[in-house]
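Participant: Structural data only, the sequence is not supplied:
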């Protein structure tokens, strides 16, 4: 199969599940536009995850393009105990108690088997139950109980989730299950690890130490504490996911749009990929077409410059997974062809002139946009050069060439990067020739058209981007016009 070139810069993440785990469906999703496949460690055994991973790699070999795999760790889940009657109704103004007693609950109390929550609570703290449908205020607490007043009532039932939005809990982001899953998927060979329940940079560092360089670390921002500590979390992470589900539970929903914009803008400024996730095409779980509000939501993330948007249940368990990916692809194509999109992206670009590599990648964009250049080609081993090029959000395509399949796969998450696994090169002339071949083969340029090439010499030296050259995509012309170095 000929190499597949996307006609958009946005990347699409599709979660695999019962509705989409067959080889035929994975291939159909990729051809429809999925660039990254998410393995949700909250659902499915390690054996099932391994089968999905193997299927993706089989499809990757068949289509001849690098495919990125993201393993999303579950994180600690805070849930109440069980009730004698299965459920109870909590009335506004009533008193309700959480404690460590594992006796079945009733209308007055229930077990909350998480002593770390009681250690962190204070009078006035808020507890949210069942995705925020029930809101409680702590009136009295100790190390083994919390008495609350019901502010917003509703039905509470067995093992419902509990959120604590306004305190930093003394919980590690990695549960024993997560540590086991992390080692398992790193050995499988995933490209990214999504870390749930991040509250501080130390959570990211713990995951990085366990991963030992086998996968990049993506922090999910889903807690108010993570929003408050976002700067240090971003610096410690390789990428970010704006996970709006829990954020929408623990923060006023009206605060999410400006928070989303800030998180995306900061990640873009640092050249780190950012995914916008949760309920983007929720209605397409059961409907072949999205709502207008969902289309507007996806479009807003694209206008803000997000690297990727994500499908969860829509592709994992829905009735229309391929249609959901196709719809996202169509929205991206429509938005990116809009003149206002370019105006918004360029107005929100943050100038960087802190290093030679910054200056080279900025100059490559300026040269490409000021002249008739068809693509920016960057040679990279660690991915740094390609990420700097993507940070510039240029008007022309970016081809990221690397001898490492793992780097190509990981970079496939980032905005605008067309990733190519190429031969190892020892001289810049070889890099130029390889770039020209890739640009012609994948339909970016013809023999008479020009490209910009960036690389670091000596090769295999991380962060050494120091050369920029404009070349025509004709190997004979390249050799004839080359002065030997």
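Facilitator: Structure received. All values reported here derive from a predicted model rather than from experimental measurement. Numbering: from 1, shown residues only.
Participant: And the helices in the stretch 351-485 of the chain?
Facilitator: 356-370, 384-391, 405-411, 428-441, 475-480 (DSSP state H, counting those that start in this stretch).
Participant: So for residue 271, which of these sits nearest?
Facilitator: helix 384-391 (3.7 Å; Cβ to Cβ). For glycine as for every other residue, the C-beta is placed from the backbone atoms N, C-alpha and C.
Participant: Now do the closest one, average pLDDT.
Facilitator: Here helix 384-391 scores 94 as its mean pLDDT.
Participant: same question, stretch 409-416
Facilitator: pLDDT averaged over stretch 409-416 gives 98.
Participant: quick one on the thing from earlier: highest mean neighbour count out of the helices of the stretch 351-485 of the chain?
Facilitator: helix 384-391 (a mean of 26; mean count of other Cβ atoms under 10 Å).
Participant: what's the spacing between that helix and its chain's center?
Facilitator: 16 Å (Cα atoms, centre = their mean, to the nearest Å).
Participant: Could you list every helix and strand that it packs against?
Facilitator: The contact analysis (3 or more Cβ pairs under 8 Å, 6 or more residues apart in numbering; DSSP states H and E) places helix 384-391 against helix 356-370, strand 373-379, strand 398-402, strand 417-421, strand 450-456, strand 465-472.
Participant: Looking at those, which is nearest to residue 251?
Facilitator: The nearest among the helices and strands packed on helix 384-391, by Cβ to Cβ, is strand 417-421 at 32.0 Å.
Participant: Strand partners (parallel or antiparallel) of the closest one?
Facilitator: strand 398-402 (parallel) (DSSP bridges).
Participant: okay if I get the helices and strands packed on helix 384-391 as TSV plus distance to residue 97?
Facilitator: TSV is the format used below for these (distance: least, Cβ to Cβ, whole Å):
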stretch	distance to residue 97
helix 356-370	57
strand 373-379	60
strand 398-402	56
strand 417-421	53
strand 450-456	62
strand 465-472	60
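Participant: quick one, which of those is nearest to residue 478?
Facilitator: strand 465-472 (5.7 Å).
Participant: quick one: buried residues of that closest one?
Facilitator: 465, 467, 468, 469, 471, 472 (16 or more other Cβ atoms under 10 Å).
Participant: can you check stretch 241-256 too?
Facilitator: For stretch 241-256, using 16+ other Cβ under 10 Å, the buried residues are 241, 242, 243, 244, 246, 247, 248, 249, 250, 251.
Participant: Next, work out how far apart residue 216 and residue 230 are.
Facilitator: Separation of residue 216 from residue 230 (Cβ to Cβ, to the nearest Å): 18 Å.
Participant: Show me which of those two is the more surrounded one.
Facilitator: residue 216 (24 against 21; other Cβ atoms under 10 Å).
Participant: Please list all residues in contact with that one.
Facilitator: 191, 192, 193, 238, 239, 410 (Cβ atoms under 8 Å, 6 or more residues apart in numbering).
Participant: Residue nearest the middle of the chain, spatially speaking?
Facilitator: residue 275 (3.7 Å; Cα atoms, centre = their mean).
Participant: Mind listing the strands the host helix or strand of that residue pairs with, and their directions?
Facilitator: Assigned by DSSP states H and E, residue 275 falls within strand 274-277. Under the criterion DSSP bridges, strand 274-277 sits next to strand 239-243 (parallel), strand 308-311 (parallel) in its sheet.
Participant: gap between the longest one and the chain center?
Facilitator: To tie it back to what came earlier, the one meant is strand 239-243. 5 Å.
Participant: now swap in the last one and tell me
Facilitator: Relative to the mean C-alpha coordinate of its chain, strand 308-311 is positioned 7 Å out (Cα atoms, centre = their mean).
Participant: any low-confidence regions in the protein?
Facilitator: Residues of the chain meeting the criterion pLDDT under 70: 1-3, 353, 460-463, 483-485.
Participant: returning to that earlier point: can you redo the strands paired with strand 274-277 as JSON lines with distance to residue 168?
Facilitator: What follows is those, written out as JSON lines (distance: least, Cβ to Cβ, whole Å):
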{"stretch": "strand 239-243", "distance to residue 168": "17"}
{"stretch": "strand 308-311", "distance to residue 168": "26"}
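Participant: of all those strands, which lies closest to residue 113?
Facilitator: strand 239-243 (24.6 Å).
Participant: helices or strands up against the following helix or strand past the closest one?
Facilitator: Using DSSP H and E, the helix or strand that follows strand 239-243 towards the C-terminus is helix 244-250. Judged by 3+ Cβ pairs under 8 Å, 6+ apart, helix 244-250 is in contact with strand 162-163, helix 224-228, helix 256-269, strand 274-277.
Participant: Quickly compare these and say which is most buried.
Facilitator: strand 274-277 (a mean of 26).
Participant: Which residues does the strand holding residue 275 contact?
Facilitator: Residues contacting strand 274-277 (Cβ under 8 Å, 6+ apart): 13, 218, 220, 239-245, 260, 263-264, 267-268, 301, 304, 306-310, 312, 413.
Participant: Put together JSON lines for the helices and strands packed on helix 244-250, with distance to residue 66 on each row.
Facilitator: Output for the helices and strands packed on helix 244-250, formatted as JSON lines (distance: least, Cβ to Cβ, whole Å):
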{"stretch": "strand 162-163", "distance to residue 66": "37"}
{"stretch": "helix 224-228", "distance to residue 66": "30"}
{"stretch": "helix 256-269", "distance to residue 66": "22"}
{"stretch": "strand 274-277", "distance to residue 66": "18"}
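Participant: Hmm, residue 80 is touching residue 146, no?
Facilitator: No. Checked against Cβ atoms under 8 Å, the pair residue 80 and residue 146 is beyond contact range at 11.5 Å.
Participant: hmm, back to that, please convert the buried members of the contacts of residue 216 into ChimeraX selection syntax.
Facilitator: This is how ChimeraX selects the buried members of these, with burial counted by 16+ other Cβ under 10 Å:
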select :191,192,193,238,239,410
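Participant: and which of the contacts of residue 216 is nearest to residue 169?
Facilitator: Using Cβ to Cβ, those come closest to residue 169 at residue 193, 21.2 Å.
Participant: Tell me, how many residues neighbour the nearest residue to that closest one once chain neighbours are set aside?
Facilitator: Excluding the flanking residues, the one nearest residue 193 by Cβ to Cβ, 6 or more residues apart in numbering is residue 215, at 4.8 Å. Number of residues near residue 215 (other Cβ under 10 Å) recorded here: 25.
Participant: residues contacting residue 215?
Facilitator: Taking Cβ under 8 Å, 6+ apart, one finds 71, 185, 186, 190, 191, 192, 193 in contact with residue 215.
Participant: With residue 361 instead?
Facilitator: 378, 385, 388, 389, 391, 392, 454, 465.
Participant: how far away is it from residue 11?
Facilitator: Taking Cβ to Cβ, one finds residue 361 at 19 Å from residue 11.
Participant: Kindly report the same for residue 53.
Facilitator: 19 Å.
Participant: and if you look at residue 389?
Facilitator: 15 Å.
Participant: Over to residue 339?
Facilitator: 22 Å.
Participant: Please apply the same query to residue 411.
Facilitator: Taken as Cβ to Cβ, the span from residue 411 to residue 11 is 10 Å.
Participant: do residue 168 as well
Facilitator: With Cβ to Cβ as the criterion, residue 168 and residue 11 are 32 Å apart.
Participant: Could you do residue 33 as well?
Facilitator: Counting by Cβ to Cβ - residue 33 and residue 11 are separated by 9 Å.
Participant: swap in residue 237?
Facilitator: From residue 237 to residue 11 the distance is 17 Å (Cβ to Cβ).
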